[in-house]
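Asker: got a predicted model here, sequence first, then my questions.
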Number of protein chains: 4
Amino acid sequence: MSAAEDFGLEDVEPASSAAGKPLTKRGAATRTKLLEAAEHVFADLGYHEASIVKITERAGIGLGTFYLYFDSKQAIFEALVVDLNRRVRHSMAEAMEGAPNRIEAERAGFAGFFRFTAQHPALYRVVREAEFVSPEMLRLHYTRIVEGYRAGLEKARAAGEVRDVDPEVTAWALMGLGELLGMRYILWERDADGNRPEAMPAAVFEQMIQFINHGLAPREEQ
Amino acid sequence: MSAAEDFGLEDVEPASSAAGKPLTKRGAATRTKLLEAAEHVFADLGYHEASIVKITERAGIGLGTFYLYFDSKQAIFEALVVDLNRRVRHSMAEAMEGAPNRIEAERAGFAGFFRFTAQHPALYRVVREAEFVSPEMLRLHYTRIVEGYRAGLEKARAAGEVRDVDPEVTAWALMGLGELLGMRYILWERDADGNRPEAMPAAVFEQMIQFINHGLAPREEQ
Amino acid sequence: MSAAEDFGLEDVEPASSAAGKPLTKRGAATRTKLLEAAEHVFADLGYHEASIVKITERAGIGLGTFYLYFDSKQAIFEALVVDLNRRVRHSMAEAMEGAPNRIEAERAGFAGFFRFTAQHPALYRVVREAEFVSPEMLRLHYTRIVEGYRAGLEKARAAGEVRDVDPEVTAWALMGLGELLGMRYILWERDADGNRPEAMPAAVFEQMIQFINHGLAPREEQ
Amino acid sequence: MSAAEDFGLEDVEPASSAAGKPLTKRGAATRTKLLEAAEHVFADLGYHEASIVKITERAGIGLGTFYLYFDSKQAIFEALVVDLNRRVRHSMAEAMEGAPNRIEAERAGFAGFFRFTAQHPALYRVVREAEFVSPEMLRLHYTRIVEGYRAGLEKARAAGEVRDVDPEVTAWALMGLGELLGMRYILWERDADGNRPEAMPAAVFEQMIQFINHGLAPREEQ
DNA sequence: AATGAATGAGCTTTCATTCAT
DNA sequence: AATGAATGAAAGCTCATTCAT
């Protein structure tokens, strides 16, 4: 329950309610089609290789229509980052729902994050490219997730479940560690057929959890 | 001692020995000027905003000359990644030289990494953008550094200085953790005048080291 | 009658029906403007001196618009060769319409060819340059015209109007002979004001016809 | 004898004596190397794809050296046209040497022309491209050869060996006819291995000669 | 006589954005 | 609300030519 809230579930507004002019039912559908098309096109091609034409073609709508919903290529990109960020946090929060303690919440949260990563490779590709397209978006993404970790750590520390760590710094450490392991062991990995795995190897996940647990555990627990 | 070697100091070749046609002394100087200009231009503007003209103007040479030394914009970008990677590893290895034990080596290595980060913001900007320009270069960068961590952990484990961790996985975790903290607490930080700090706050660094130490320490030590 | 058909009048499709994306009436007009501009620019400047900017400027349209209709400079050049070839054959076929016999058909056909040459100097310039830009186009041009001669000769031979010549070889001979005379006595000739003549001198034309007639005439006719 | 002279054998000067600064023995050798390299490079690549670097590389000399011998790319191209023209006329004149009469001289001359064509495909490629690089050179080439035909026809007419034709016009007709047949039946032809034939098929040659003979023969002969 | 590093004008091509329909 | 033809700034790259060595 509260663990889930740490990741900001409450601020989740439906993507389609965000900015963008036409507000009829038809208009909302068009906007959603654009955002979905953009997710795939940006993920497959990257920001610069992607083009408005490719997005509108994939969305099955006319080129000019694009500008009824988004002011620019950058605008839809930013909307997409916000959307993905909302969804990955949702995924983490959902996974943590009902976790009995810090350790379990941690496992569940990371598992949720990695599951989302495996299912939506666009997350990394788009978010990491945001650094070069719209740096504020990158910060927003990291900051929002880190805030979830931070809040969780804060509570856990208050409850004596973790050492007396600086929650902020530690949250960033966890974020970085999770991100690189997700990249290395999910996104870079391919099986014989060139397909990405659906999750990271359990052993790797265990190693990571052990490392974190040792890193955080209060002295007396050990 | 050996800690330094783990980061591949021995493979350090001078940048100017790499590909590029003209081989005279004058030619080598020109190539170096180009690489230096590219470091700044790519760091300031990013790959796509950067242009060959901007690089050659900054280098103070003619546009056409560029193509005597590099086949394309991407080629110089890749050469730059290789160069920066070599230099950051050098910086880390140098810092670790003579460290009496694992813990000190760790502190020194990370300090070296962060120092280089503070002095060469281009490292992050260029390397991280490589993901979208030349993905193999990104892997090469991470892999080479991780290999240094891995080798160090392997030895430390054999010496009983760390828990029985998987050196590979742990190395990636350390890389990720260091990278994000460097980004957050060095690159994103500005003082009142808008200048970047010369290092991360000591407290943050300490927190990080503590986290790593707890994460790695053999049970009996604690 | 049939002489006209030999030059493939029936395959004449309007130039504007060929490839090129935009299909509206406005689009067809733009494509035609481009092709007309290209004819003049290529004829005046040659392929390499010509540039897309010069073509679009002459056509009075934006540079980028060009690429809506043609994939490249070479593509419009090839379209132009096809167009000119179609038109010169049309001109020849039209001239031969209703010729009472082989000799008259021959005169008329060559006259049509030379008339077109005088009116469209671009034909030679563009077609002959095709040899170096798009060799298949050159072959296509010569082959299509030669095929007209060949078919005519075949029929004339069957009708006993010409010696027992090889129609194919003879057709190429006629093509070559006509081409060089057209170049020499129309394209290279200038009057006092530097203007090209509207036709070759009648005496030259007569000489040529006589030469051909003697070359082809059945023994008994002479 | 005289037939040979008609093609201007007497004006044959060695290529290396033409313009070009350095005049030492070494210099002459360098100039020849350049001209030979240019023949191949221009023939293989065409004028625009050819580059000075490619020519000097093929010649095995330094780039800068080129400009000691030729003022520009166009200059060496023109020198090459002059050289090839001289050589093809030489080849024709040689073949005609000692021909007993007009008919035999004709056969021999064309045979010489086609033999040279088969052995030096560069002739067509370079000469025909001259039209777009240096039009005066093209005229010079055609005019010099035509002058040979013309002189021969003049004499033959005086001797009653041919009809009362206009030697000039007829010469151009012969030139055109020979050129296109050479292109069609030698240069365009390839055997199963993609090799060009060493000569045109005898039957084609015969057809051509017959056509010419009929075209020129005085009435009473037939 | 010979060299090759340096130069920059000029070309082709792409694509985000506008706007008349 | 939807469309797609039109636009032109801006980029990467080539190569004939120069000139210091």
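Answerer: Perfect, I can see it now. Bear in mind the structure is a predicted one, so any value in this text is a computation, not a measurement.
Asker: and the most centrally placed residue in chain A, what are its phi and psi?
Answerer: Taking C-alpha atoms, centre = their mean as the criterion, A:Val88 is the residue nearest the geometric centre of chain A, at 3.6 Å. Dihedral pair for A:Val88: phi -70, psi -40, per degrees, to the nearest 10.
Asker: so it makes contact with A:Arg115?
Answerer: No - applying C-beta atoms under 8 Å, one finds A:Val88 not in contact with A:Arg115, separated by 9.8 Å. Every residue, glycine included, has its C-beta placed from N, CA and C.
Asker: before we move on, the earlier item: tell me the contacts of the residue nearest to the centre of chain A?
Answerer: Taking C-beta atoms under 8 Å, 6 or more residues apart in numbering or on different chains, we find A:Val88 in contact with A:Phe113, A:Phe116, A:Thr117, A:His120, A:Leu123, A:Ile145.
Asker: can you do 7 Å?
Answerer: Counting by C-beta atoms under 7 Å, 6 or more residues apart in numbering or on different chains, A:Val88 makes contact with A:Phe113, A:Phe116, A:Leu123.
Asker: counting by contacts, list what the helix or strand A:Tyr67 falls within packs against.
Answerer: If you go by DSSP states H and E, A:Tyr67 is part of helix A:66-69. Applying 3 or more C-beta pairs under 7 Å, 6 or more residues apart in numbering or on different chains; DSSP states H and E, one finds that helix A:66-69 contacts helix A:25-49, helix A:52-59.
Asker: mind doing that once more with 10 Å?
Answerer: Where contact means 3 or more C-beta pairs under 10 Å, 6 or more residues apart in numbering or on different chains; DSSP states H and E, helix A:66-69 is packed against helix A:25-49, helix A:52-59, helix A:73-96.
Asker: and the second one, is it in reach of DNA strand E?
Answerer: Right, the one you point to is helix A:52-59. Yes - interface with DNA strand E: helix A:52-59 contributes A:Ile52, A:Val53 (C-beta under 7 Å from any atom of the strand).
Asker: returning to what we had before: for chain D, see how far away the residue nearest to the centre of chain A is.
Answerer: Distance of A:Val88 to chain D, computed by C-beta to the nearest C-beta, to the nearest Å: 53 Å.
Asker: same question, A:Ala202
Answerer: With C-beta to the nearest C-beta as the criterion, A:Ala202 and chain D are 59 Å apart.
Asker: neighbour-wise, give me the winner out of the contacts of A:Val88.
Answerer: Within the contacts of A:Val88, A:Leu123 tops the neighbour count with 24 neighbours, counted by other C-beta atoms under 10 Å in any protein chain shown.
Asker: helix or strand for that residue, which one?
Answerer: Applying DSSP H and E, one finds A:Leu123 within helix A:122-133.
Asker: mean confidence for that helix?
Answerer: Across helix A:122-133, the average pLDDT comes to 92.
Asker: and for whichever residue of chain A sits closest to chain D, the neighbour number?
Answerer: Here the residue of chain A nearest chain D is A:Glu49; by C-beta to the nearest C-beta that distance is 29.9 Å. Neighbourhood size, A:Glu49 [other C-beta under 10 Å]: 11.
Asker: I'd guessed it sits against A:Lys73; true?
Answerer: No - with contact defined as C-beta atoms under 10 Å, A:Glu49 does not count as touching A:Lys73 (11.8 Å).
Asker: what residues are shared contacts of those two?
Answerer: With contacts taken as C-beta atoms under 10 Å, 6 or more residues apart in numbering or on different chains, the residues that reach both A:Glu49 and A:Lys73 are A:Phe42.
Asker: wait, does stretch A:46-61 contact chain C?
Answerer: No - legend: contact between stretch A:46-61 and chain C by C-beta under 10 Å from any C-beta of the partner chain is lacking; minimum distance shown is 11.7 Å.
Asker: and the end-to-end length of that stretch?
Answerer: Stretch A:46-61 has an end-to-end distance of 21 Å (criterion: C-alpha to C-alpha, to the nearest Å).
Asker: report the distance from that stretch to the chain centre.
Answerer: In this view, stretch A:46-61 has its centroid 22 Å away from the chain centroid, taken as C-alpha atoms, centre = their mean, to the nearest Å.
Asker: now swap in stretch A:199-216 and tell me
Answerer: 19 Å.
Asker: quick check: buried residues in the helix holding A:Tyr67?
Answerer: For helix A:66-69, a neighbour-count test (16 or more other C-beta atoms under 10 Å in any protein chain shown) marks A:Phe66, A:Tyr69 as buried.
Asker: and the contacts of that helix?
Answerer: When contacts are defined by C-beta under 10 Å, 6+ apart, helix A:66-69 is touched by residues A:19-22, A:27-28, A:30-35, A:37-38, A:52-53, A:55-56, A:59, A:61-62, A:72-73, A:75-76, A:79.
Asker: now the element after the helix holding A:Leu123, going C-ward?
Answerer: Toward the C-terminus, helix A:122-133 is succeeded by helix A:135-158 as the next helix or strand (DSSP H and E).
Asker: that following helix: which residues count as buried?
Answerer: Those would be A:137-157, for helix A:135-158 by 16+ other C-beta under 10 Å.
Asker: so what's the residue count around the closest residue to A:Ala122 other than its chain neighbours?
Answerer: With C-beta to C-beta, 6 or more residues apart in numbering or on different chains as the criterion, A:Ala122 has its nearest non-adjacent residue at 3.5 Å, and that residue is A:Ala43. Neighbourhood size, A:Ala43 [other C-beta under 10 Å]: 19.
Asker: so how far is A:Phe116 from A:Ala43?
Answerer: Per C-beta to C-beta, to the nearest Å, A:Ala43 is found 13 Å from A:Phe116.
Asker: now A:Gly194
Answerer: Using C-beta to C-beta, one obtains 22 Å as the distance from A:Gly194 to A:Phe116.
Asker: test my guess that A:Gly176 contacts A:Ile212.
Answerer: No - A:Gly176 lies out of contact with A:Ile212 (C-beta under 10 Å); the separation is 12.0 Å.
Asker: got any residues that touch both of those two?
Answerer: B:Ala173.
Asker: OK, contacts around A:Val41?
Answerer: Taking C-beta under 10 Å, 6+ apart as the test, what A:Val41 contacts is A:47, A:49-59, A:76, A:80, A:122.
Asker: where is pLDDT lowest across those?
Answerer: In this model, the minimum pLDDT among the contacts of A:Val41 belongs to A:Ala122 (88).
Asker: do I have it right that it meets A:Asp44?
Answerer: Yes - using C-beta under 10 Å, A:Ala122 is in contact with A:Asp44, at 8.6 Å.
Asker: of those two, which one has the most company?
Answerer: Comparing A:Ala122 with A:Asp44 by other C-beta under 10 Å, the one with more neighbours is A:Ala122, at 18 against 14.
Asker: next one: the helix holding A:Tyr67 to chain centre, how far?
Answerer: Computed by C-alpha atoms, centre = their mean, the chain-centroid distance of helix A:66-69 equals 26 Å.
Asker: that helix close to DNA strand E?
Answerer: Yes - using C-beta under 7 Å from any atom of the strand, helix A:66-69 reaches DNA strand E at A:Phe66, A:Tyr67.
Asker: so which residues on chain A come close to DNA strand E?
Answerer: Within chain A, the positions lying close to DNA strand E (C-beta under 7 Å from any atom of the strand) are A:Glu49, A:Ala50, A:Ser51, A:Ile52, A:Val53, A:Leu63, A:Gly64, A:Phe66, A:Tyr67, A:Ser72, A:Lys73, A:Gln74.
Asker: which among the contacts of A:Val41 count as buried?
Answerer: Among those, the ones that count as buried by 16+ other C-beta under 10 Å are A:Tyr47, A:Ala50, A:Ile52, A:Lys54, A:Ile55, A:Thr56, A:Arg58, A:Ala59, A:Ile76, A:Leu80, A:Ala122.
Asker: now, among these, which is nearest to B:Val127?
Answerer: Of all the buried ones among the contacts of A:Val41, B:Val127 sits closest to A:Tyr47, with 17.6 Å by C-beta to C-beta.
Asker: how close does the closest one get to A:Glu129?
Answerer: Using C-beta to C-beta, A:Tyr47 is found at 5 Å from A:Glu129.
Asker: with A:Phe42 instead?
Answerer: From A:Phe42 across to A:Glu129, the span is 8 Å (C-beta to C-beta).
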